[in-house]
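[1] Build the 3D model from these lines:
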Amino acid sequence: FVRGLRRHIPDAVVFCIGGDSRQMKATLACTNLVGEEGGFIGYGPLSGEFPFQAGLAAKTMECRARGRTRVVFCDSGYKVYDYHVLPRGEVGRMYAGTISNGANPWFLVYRSADKAPGTRMVYRFNRLVREYRETLANGESMAEAAIMDSPLNRQLAGTIHADSGDDVHKRDASASRLSLSRHAEEFKGLYAALSRSGYPFDVADEDAIIEGRLPARIRLLILPGVSAVSNQLAARLRQFVAGGGRILATFDTSLFDENGNRRKNFALAGVFGANAGGDMIGPSGLDYIGVKSRNELTHGLGQDVLPCPEYWYPVERASSARVMLRYHGKMPRRYAALPPISGSPAVILNRFGKGRVIFIPSTIGHLSLRYRFPEIRVLLRNVANLLARPPVEVDGGDEFIETTLRRGANGDTVLHLINWASGERPSSGAIPLGPLNVKVRLPRDAVLPRQVQLAMAERRVRIVARGNTVSFVVPRIEEYEMAVIRQPFRICGSPAH
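    Next up is the predicted model:
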């Protein structure tokens, strides 16, 4: 089709929508750009929908597009009430999630709603993109962490029949086959927790890791319930950690092969510092994790008794590993006396080669996604910080500021800040926050800036530099702010070219 089309229209632009990494690779020679419908929302009530969809679409495409232009398709109207425009809070975050992750926005707007606040927000962002075109175009992420979205595990999940209510047979099946996939929920739960914690990250998949396309800047890989792992992928992950990389893994990661057959042990048992100790336990809605002492992992927790995830696996700690948190004994019923902390590990820290790994053998991401317990979000933030300190820190945003750090093709360092503080969805607008105290760690060979341009506020703020870290204050943020760091001379003292 494409060959025939271009015989008649040589400069025709051909694009594909969606697809996993292998489909994207297959269309590489015949397409100019790739797209994803990350901004078509409102087919049902927004209150229960995943709010980060536009940013997720942009991150995923950056992983899979193999250098092609990326577009997130957005609609300013509700689906299915198409002629009723989304409020400015929804439109602003949709647009911000797109451009902050390197994608181009495609927006459907309605002339009949030209004066609506949501439509006016589209126009405001369009002006921003026009003014900062050189800064936003052809940039690259500066994140040092990546969360794995596994097409293989999503495919296997589709082959698992819906729960029948027969827990006995489901438990028997779990001994030999993947019968409960939580990868999608684990992925969204960890994605949301880290986004709300201001921890910047990319998205990766199996092919990027196996093919060696994972950027060298990535120090932390997050494996959210990646149940099925091939021997080839497991070997790559071992190599990554042995060379100094870090991994955060949850639930049953690597307990099954690529066909969904259960292994006798985790394929990454040596990396995790943990061996499988039995069949899956759950569902549970009564049990707890206990905090026995304060450390880097428990810093900032307001309680010492944490809700237990719905499902978990008993594991046996290897001699190289350290148990960071343990479960309480099983609750016999509600309102019973809390059993003492048991010997069963809930969080394990291990050293493997030059790297470090934290293994949480439970559906903690799903727990965070479903209940949004503040302590679980803080715990997950602490785990990520312990393994790899992020290049961005924001003080004053509580759990509401999402960050993305990118480098423009023109050399600018760009910090994108999205404010998620608001009432229930659909959000008429963000609750303004500020001042925000921001720290950005620049590459060691970067140049030292004197000022930061706040694009939405249309003002400059002064910076304080210490080594290769710059600090500045964002006085106020509504839905979004873009801090553009331009460096006029090098840290080492040599002039910039």
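[2] CA only for contacts and neighbour counts going forward, please
    Fine.
[3] So which residue is dead centre in this structure?
    For the chain, the residue sitting closest to the mean C-alpha position, by C-alpha atoms, centre = their mean, is residue 191 at 3.4 Å.
[4] Tell me which helix or strand that residue sits in.
    helix 183-196 (DSSP states H and E).
[5] Same check on residue 472?
    strand 469-474.
[6] where's that strand relative to the chain centroid, distance-wise?
    Put simply, strand 469-474 sits 24 Å off its chain's centre (C-alpha atoms, centre = their mean, to the nearest Å).
[7] who does that strand pair up with?
    As defined by DSSP bridges, the strand partners of strand 469-474 come to strand 436-441 (antiparallel), strand 464-466 (antiparallel).
[8] Restrict it to CA atoms and write it as CSV.
    Taking Å, rounded to 0.1, in the frame of the first residue of the first chain, the C-alpha atoms of strand 469-474 are listed here in CSV:
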residue,chain,number,x,y,z
THR,A,469,23.1,21.0,41.2
VAL,A,470,21.1,24.1,40.7
SER,A,471,18.3,25.3,43.0
PHE,A,472,15.6,27.8,42.3
VAL,A,473,12.1,28.7,43.5
VAL,A,474,8.8,28.4,41.5
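[9] Quick one: work out the angle between whichever helix or strand comes after that strand and strand 436-441.
    Using DSSP H and E, the helix or strand that follows strand 469-474 in sequence is strand 480-485. Computed by axes from the mean of the first three to the mean of the last three C-alpha atoms, to 10 degrees, the angle separating strand 480-485 from strand 436-441 equals 40 degrees.
[10] tell me the mean pLDDT for strand 480-485?
    The average pLDDT for strand 480-485 rounds to 97.
[11] counting contacts, what elements does that strand pack onto?
    helix 88-99, strand 413-419, strand 451-454 (3 or more C-alpha pairs under 8 Å, 6 or more residues apart in numbering; DSSP states H and E).
[12] now those in CSV, with mean neighbour count and distance to residue 29?
    Shown next, in CSV, are the helices and strands packed on strand 480-485 (neighbours: other C-alpha atoms under 10 Å; distance: least, C-alpha to C-alpha, whole Å):
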stretch, mean neighbour count, distance to residue 29
helix 88-99, 26, 25
strand 413-419, 24, 31
strand 451-454, 20, 39
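[13] Quick check: which of these is nearest to residue 233?
    Nearest to residue 233 among the helices and strands packed on strand 480-485 is helix 88-99; the distance by C-alpha to C-alpha comes to 29.9 Å.
[14] circling back to that earlier point, most packed of the strands paired with strand 469-474?
    strand 436-441 (a mean of 18; mean count of other C-alpha atoms under 10 Å).
[15] And the helices in this structure, which stretches?
    2-8, 21-26, 53-64, 88-99, 117-131, 133-136, 151-158, 167-174, 183-196, 206-210, 231-242, 269-272, 364-371, 374-387 (DSSP state H).
[16] among these, which is nearest residue 251?
    helix 364-371 (7.6 Å).
[17] Okay, buried residues for that closest one please.
    364-369 (16 or more other C-alpha atoms under 10 Å).
[18] packing partners for it?
    Packed on helix 364-371, when contacts are counted by 3+ C-alpha pairs under 8 Å, 6+ apart, are helix 183-196, helix 374-387.
[19] Of those helices, which stretch is the most buried?
    Of the helices and strands packed on helix 364-371, helix 183-196 is the most buried (mean count of other C-alpha under 10 Å), at a mean of 24.
[20] Now do that helix: distance to the chain's middle.
    With C-alpha atoms, centre = their mean, you get 6 Å for helix 183-196.
[21] same thing with stretch 61-69?
    Taking mean C-alpha positions (C-alpha atoms, centre = their mean), stretch 61-69 and its chain are 17 Å apart.
[22] mind checking which of the helices and strands packed on strand 480-485 is nearest residue 4?
    Once those are compared by C-alpha to C-alpha, helix 88-99 is nearest, at 32.9 Å.
[23] In contact with the closest residue in space to residue 354 that isn't next to it in sequence, which residues?
    Excluding the flanking residues, the one nearest residue 354 by C-alpha to C-alpha, 6 or more residues apart in numbering is residue 244, at 4.3 Å. Counting by C-alpha atoms under 8 Å, 6 or more residues apart in numbering, residue 244 touches 219, 353-356.
[24] Now, the residues you listed that are in strands?
    355-356 (DSSP state E).
[25] on that earlier part again, same list, the strands paired with strand 469-474, but as CSV with mean pLDDT and distance to residue 62 please.
    Compiled in CSV, those are given as follows (pLDDT from 0 to 100; distance: least, C-alpha to C-alpha, whole Å):
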stretch, mean pLDDT, distance to residue 62
strand 436-441, 97, 23
strand 464-466, 91, 31
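[26] Just send those back as JSON lines, with distance to residue 46 too.
    Output for these, formatted as JSON lines (distance: least, C-alpha to C-alpha, whole Å):
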{"stretch": "strand 436-441", "distance to residue 46": "28"}
{"stretch": "strand 464-466", "distance to residue 46": "41"}
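[27] Of all these, which one comes closest to residue 203?
    strand 436-441 (20.9 Å).
[28] Need the residues that contact that closest one.
    Residues contacting strand 436-441 (C-alpha under 8 Å, 6+ apart): 391-397, 468-476.
[29] Send me that strand as CSV with only the CA atoms.
    The C-alpha trace of strand 436-441 is given here as CSV (Å, rounded to 0.1, in the frame of the first residue of the first chain):
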residue,chain,number,x,y,z
LEU,A,436,8.1,25.1,45.3
ASN,A,437,11.8,24.7,46.1
VAL,A,438,13.4,22.9,43.2
LYS,A,439,16.7,21.2,42.8
VAL,A,440,18.0,19.8,39.5
ARG,A,441,21.1,17.8,39.2
